[in-house]
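*Asks:* Sequence plus the predicted model coming up.
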Amino acid sequence: MSTHRLHQLTERLSSLFRAELRSRATANGLKLIQLEALIYLGMANRYSDTLLAMTDYFAVTKGTMSQTLKALVTREFVSKIRDSKDGRVTHCVLTAQGRSVVEESYPAPCFEGTDISNLNKIEDGLELALRALQRGNQFKSFGLCKTCRFFEKDGSKQLCGLTKEALSESDSTKICREHEIAAV
């Protein structure tokens, strides 16, 4: 496949998903970036649920993300909680109302009733393309914790080799801003 064709297909998929999400955002009285932020927080682990991590993930300015979060806090979709170990860090956590919006919006409802019989092949191909673009452009991967080069498992114990902190099963299945793609 040529890079032109990959670009075209990725662009079209992205347009379809954004249209679907925009519709869901509007139905909930939200802007698209606000809904995307809620979805992100539903996927983020404790290292990634901060203003700065979200700024990196969405490649927007700190001011843009700050205003997005301010609106979500005002609407009671998100709560801000100070980190118990480092008071300089504030975690953004979905409220029950925020989780409800995410559950009805993600994954995009356009998947319902769609026959994607070779979904595993499609997923593998998309992941390969994403990882190649991330590596080639030094973009953060924001991958699942358990796929990170720092992830360590010893029996039933899980650990982040970077922070040396224990990880819950939930932590290991969420995305992390410190993620680095494991060597294959």
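*Replies:* Right, received. Where do you want to start?
*Asks:* so Ala19 is in which element?
*Replies:* For Ala19, the element it lies in under DSSP states H and E is helix 3-27.
*Asks:* And the average pLDDT for that helix is what?
*Replies:* Per-residue pLDDT over helix 3-27 has a mean of 89.
*Asks:* what's next to that helix, contact-wise?
*Replies:* 31-32, 34-36, 39, 104-105, 108-110, 129 (Cβ atoms under 8 Å, 6 or more residues apart in numbering). Just so you know, the C-beta spots here come from the backbone N, C-alpha and C atoms, and that holds for glycine as well.
*Asks:* please redo it, this time with the cut-off set to 7 Å
*Replies:* Contacts to helix 3-27, defined as Cβ atoms under 7 Å, 6 or more residues apart in numbering, come from residues 31-32, 34-36, 105, 108-110, 129.
*Asks:* who wins for most neighbours among those?
*Replies:* Counting neighbours by other Cβ atoms under 10 Å, Leu35 leads those with 24 neighbours.
*Asks:* so the residue nearest the centre of the chain, which of the three states?
*Replies:* When the chain is reduced to its mean C-alpha position, the closest residue under Cα atoms, centre = their mean turns out to be Tyr40, at 4.0 Å. With DSSP: H, G, I helix; E, B strand; the rest coil as the basis, Tyr40 sits in helix.
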